[in-house]
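[1] Pasting the sequence and the predicted coordinates here, then a few questions.
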Amino acid sequence: MVTYLSRVDLFKGLSEDELQQLNHITPLEARPRGTVIASPYMEHKVLYIIKSGSVRLYKITEDGKELTLDILGTGHLFGEITSFRSGVPLFAVTMEDSVICEMDSGQFRKVIAEKPELALKYIEIVTARLQETEDMLEYMAYGSVRKRLLFLFNKLVTKFPAPRSDGEWIPLPIEMTHQELASMTGSIRETVTPILNQLADEGILRKEGNRKPYWIQRSRLQAALSESK
DNA sequence: CCATTAACGACTA
DNA sequence: TAGTCGTTAATGG
């Protein structure tokens, strides 16, 4: 199993005083749900840090379809090196009201200069992100849509600390439509719908109400992931 | 197994 | 009201 160490805050481990100092050079910006905070048509900063809320990173393929590359939550970061390669059009949109802090390269250099150990953490984050991408690539290439969905759920549950849980059942922290799930697994919603219903029948997935988050049964999910379907 | 196309009722901005 | 969402079904690769 891959460890997602990287998902810890870049600044985790710093004292309150040190965090206070950082606040001076990392202005906080409150953004309502649905705000595009970065796009190929905007001049983007080198580093965005999610203080609260969640953000979806996606690109538009040549035939106009959205491909979601990642979903990030509180404490996660994205930007030039972690997910924006120069010249590659990527979008970042808030999935809920979020507080995002932005750093330009000057500020980032300053922070690294003041706290060199942050550079190491930064490398860990970038490395783990690469690992994650490679894992997903494997499923995209050789796995069924079913497996891609299972992998995605597992990834999300791993990446986001569960705020609460009901025995073996863990809620997914992000509200997602079938459309978005399809976009994240290189599929379409007509394919995703029956698979989700089947996962529910198998007791792997559960959904309360309409506009409510999914719950997953971690052990069953992981068992299903190692099967050959 | 899965994408595409079409279509429909329900819901929502 | 127009657009989005979940769902089903037919078809073809």
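    Looks like it came in fine.

[2] Skip ahead from the helix or strand harbouring A:Thr193 and say which helix or strand is next.
    Element membership for A:Thr193 (DSSP states H and E) is helix A:189-201. Next along the chain after helix A:189-201, taking DSSP H and E as the criterion, comes strand A:205-207.

[3] Just the buried positions in that following strand, please.
    Of the residues in strand A:205-207, those with enough neighbours to count as buried (16 or more other Cβ atoms under 10 Å) are A:Leu205. The way it works is simple: take the backbone N, C-alpha and C, and place the C-beta from them, glycine included.

[4] which residues sit against the helix or strand following it?
    Read in the C-terminal direction, the helix or strand following strand A:205-207 is strand A:214-217, with elements assigned using DSSP H and E. Outside strand A:214-217, the residues that touch it by Cβ atoms under 8 Å, 6 or more residues apart in numbering are A:153, A:157, A:166, A:168-172, A:176, A:203-208.

[5] just to revisit the earlier point, run through the neighbouring helices and strands of the helix holding A:Thr193.
    Counting contacts by 3 or more Cβ pairs under 8 Å, 6 or more residues apart in numbering; DSSP states H and E, the secondary-structure elements packed against helix A:189-201 are helix A:145-159, helix A:178-184, strand A:205-207.

[6] now with 6 Å?
    For helix A:189-201, the helices and strands in contact under the criterion 3 or more Cβ pairs under 6 Å, 6 or more residues apart in numbering; DSSP states H and E are helix A:178-184.

[7] wait, does the helix it packs on contact DNA strand B?
    No - residues of helix A:178-184 are not located near DNA strand B by Cβ under 7 Å from any atom of the strand, the shortest gap being 7.8 Å.

[8] for the helix holding A:Thr193, what is the average pLDDT?
    Confidence over helix A:189-201 (mean pLDDT, whole number) is 96.

[9] any idea how far it is from the chain center?
    22 Å (Cα atoms, centre = their mean, to the nearest Å).

[10] Flag every buried residue along stretch A:187-194.
    A:187, A:191-192.

[11] Touching, A:Ser105 and A:Leu47? I think so.
    No - with contacts counted by Cβ atoms under 6 Å, A:Ser105 stays clear of A:Leu47, the gap being 8.4 Å.

[12] With neighbour numbers in mind, choose between the two.
    Set side by side, A:Ser105 and A:Leu47 show more neighbours around A:Leu47, with 23 against 12, by other Cβ atoms under 10 Å.

[13] What about the nearest residue to A:Lys147 once chain neighbours are set aside, how many residues nearby?
    On the basis of Cβ to Cβ, 6 or more residues apart in numbering, the spatially nearest residue to A:Lys147 that is not a chain neighbour turns out to be A:Tyr139, at 5.6 Å. Other residues within reach of A:Tyr139 by the criterion other Cβ under 10 Å amount to 20.

[14] check which helix or strand covers A:Tyr139.
    With elements taken from DSSP H and E, the one containing A:Tyr139 is helix A:117-142.

[15] Tell me what angle that helix forms with helix A:145-159.
    Regarding helix A:117-142 and helix A:145-159, their directions subtend 160 degrees when assessed with axes from the mean of the first three to the mean of the last three Cα atoms, to 10 degrees.

[16] Can you tell me the number of residues neighbouring the residue of chain A at minimum distance from DNA strand C?
    Residue of chain A nearest DNA strand C, by Cβ to the nearest atom of the strand: A:His178 (3.2 Å). For A:His178, the tally of surrounding residues (other Cβ under 10 Å) stands at 16.

[17] quick check: domain ranges of chain A?
    According to automatic domain parsing, chain A comprises the domains A:5-134, A:144-226.
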